[in-house]
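Student: Mind folding the following:
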Amino acid sequence: MCCSALEIEELKKPAGPLCGNNSNCRCVIYAERPQVCRDFECEWLMSRKMPANFRPDRIGVLFMDDYDYDQYRAVCPPERAFAWREPRVFAHLVAVAKTGRTVVAKAGLKAWRVYASGEWAPTV
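Tutor: Numbering: from 1, shown residues only. Presented below is the predicted three-dimensional model:
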């Protein structure tokens, strides 16, 4: 999902479509990929706390920390913009918000803030 849901400015790739450097679920420029791709860490791959059934390509949500904005993000492909509203995913996002983190769900150019109260609203 990181090769489709995320915008990658260095490759002029918008959020949504599969990266043109992806062939059969493999990066054909892996050895020369941009630094942003090298630095990316999906929480599902990096965290032993993330349940196996939260695999991004199965639930339609990519979890990540955005250190530039100090946010925890749930990134969805535009064609599944509300995958983050699935009950178990939403419960996870609310639990993260309850720790004091800023939680944002994104799909393309759209974004929603998820609050510890369980409420959510579009961001501006």
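Student: ok, A111 - contacts?
Tutor: For A111, the contacting residues are V104, A105, P122, T123, taking Cβ atoms under 8 Å, 6 or more residues apart in numbering as the criterion. From N, CA and C alone the C-beta is placed, and that goes for glycine too.
Student: where exactly do the strands run in the chain?
Tutor: Counting by DSSP state E, residue ranges of the strands within the chain are 22-23, 26-27, 62-66, 71-76, 102-107, 110-114, 120-122.
Student: who are the neighbours in contact with W84?
Tutor: Neighbour list for W84: V61, A74, C76, F90, L93, A105, A107, W112, V114 [criterion: Cβ under 8 Å, 6+ apart].
Student: Turn these into JSON lines, columns for pLDDT and distance to Q35.
Tutor: Compiled in JSON lines, those are given as follows (pLDDT from 0 to 100; distance: Cβ to Cβ, whole Å):
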{"residue": "V61", "pLDDT": "95", "distance to Q35": "25"}
{"residue": "A74", "pLDDT": "96", "distance to Q35": "24"}
{"residue": "C76", "pLDDT": "93", "distance to Q35": "24"}
{"residue": "F90", "pLDDT": "98", "distance to Q35": "33"}
{"residue": "L93", "pLDDT": "97", "distance to Q35": "28"}
{"residue": "A105", "pLDDT": "97", "distance to Q35": "26"}
{"residue": "A107", "pLDDT": "91", "distance to Q35": "25"}
{"residue": "W112", "pLDDT": "97", "distance to Q35": "29"}
{"residue": "V114", "pLDDT": "98", "distance to Q35": "29"}
